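J.: generate coordinates for the sequence data below:
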Amino acid sequence: MSLRIGTRGSALALAQTNKVAGMLADRGIETEVVTITTEGDTATGVPLHAIGGQGVFVRALDDAILRGDIDAAVHSMKDIPAARPAGLACSAVLERDSPADFLAHDLPLDAVRVVGSSSTRRRAQLLRYDPALEVKQLRGNVDTRIRKLREGQYDAIVLAEAGLERLGLSLPGEALPLDQFVPSPNQGTVAVVCRDDPDIAGVFEALDHAPTRLDVMIERAVMEEVGGGCFTPQGIYCRGGDLIAEVLALDGSRWKRIEQHVATPEEARACGRALRGKAADLIREAYAALGLRS
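T.: Numbers count the residues shown, from 1 in each chain. You can find the predicted model right below:
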């Protein structure tokens with residue numbers, strides 16, 4: 001059997017896809033990697049929330065699977081929206097890499113004043129940590145972001161530590177503490193999406209890491225109940241059932257948080273509903289400020 005695996009063309013997406021292809025090759029399965037351009041890759045001059053959020057990176061690959069152009073696609077799981085088209089299956093969740101954000105900077109930490117990030121969550125958490133920081137928009141792939149840092153456009157930039165590790169990059173800076181900078185749901189996790197066909201899904205299921213899948217399914221259950229997508233600043237992280245979930249004001253001045261041990265996605269949904277109730281005002285404010293309908 002030879003499978004066609006779709007991916008975005010960025011260095012990180014290709015590294016993740018080649019990792020999956022290598023794991024399949026070890027099992028004697030041939031693959032062809034197919035690069036597909038998404039709207040999120042071409043529209044780099046606008047904030048993500050203005051073009052539909054992280055889901056823009058996934059939509060083109062979903063469509064290619066459903067058309068039959070490819071058999072499967074590899075994604076950073078945090079990019080996969082809560083609402084999914086019929087006919088697709090998440091056939092494998094790989095063992096999680098670092099879930100942490102990484103603050104890259106050449107200056108001494110106390111000299112950092114201007115930080116680059118396109119994430120509403122990261123912006124809110126940075127401003128909670130230090131309201132005097134200026135957080136400026138930063139889009140583009142990892143290489144582009146690092147180049148802009150080195151050109152002096154920013155004093156520091158925030159990247160996912162897992163992405164740096166997958167690319168074999170070592171930058172000056174530090175990982176940010178998970179309890180203060182709660183990651184995006186599923187950050188550090190790679191997932192394989194395929195056509196909902198037992199013959200295809202069965203091939204990828206051998207790559208699935210059950211403990212990671214349970215943690216990220218708990219995170220997604222909370223995310224789905226809270227709502228807000230990537231528009232509302234929210235961090236949701238679970239490890240071994242220990243859940244931290246929070247929603248923040250866009251300026252980081254206020255937040256609501258739940259910390260609880262959760263055994264099942266059903267229990268996680270109850271946590272998500274409770275958090276949504278506590279944070280309803282923050283969610284409405286974020287949508288209004290971004291010009292979106294709640």
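
J.: would you mind finding the longest helix in the chain?
T.: Longest helix in the chain, counting residues (DSSP state H): helix 210-226.

J.: list the buried residues of that one.
T.: 212-226 (16 or more other C-beta atoms under 10 Å). No exception for glycine: its C-beta is placed from N, CA and C like everyone else's.

J.: what pLDDT, on average, does it get?
T.: Helix 210-226 shows an average pLDDT of 96 in the prediction.

J.: which residues touch the helix or strand following that helix?
T.: As assigned by DSSP states H and E, the chain's next helix or strand after helix 210-226 is strand 234-239. With C-beta atoms under 8 Å, 6 or more residues apart in numbering as the test, strand 234-239 has contacts from 99, 121, 125, 178, 181-185, 187, 215-216, 218-219, 222-223, 226, 228, 243-248, 262, 268.

J.: in strand 234-239, which residues are buried?
T.: Going by neighbour count (16+ other C-beta under 10 Å), the buried part of strand 234-239 is Gln234, Gly235, Ile236, Tyr237, Cys238.

J.: okay, now the unreliable bits of the stretch 101-250 of the chain?
T.: Applying pLDDT under 70 to the stretch 101-250 of the chain flags the ranges 228-230.

J.: swap in 90 and give it another go.
T.: 118, 139-143, 227-232 (pLDDT under 90).

J.: all strands for it, in order.
T.: 101-105, 114-116, 134-136, 156-160, 173-175, 190-195, 234-239, 242-248 (DSSP state E, counting those that start in this stretch).

J.: now do the fourth one and strand 101-105, the angle between them.
T.: Which is strand 156-160. Angle of strand 156-160 versus strand 101-105, following axes from the mean of the first three to the mean of the last three C-alpha atoms, to 10 degrees, is 150 degrees.
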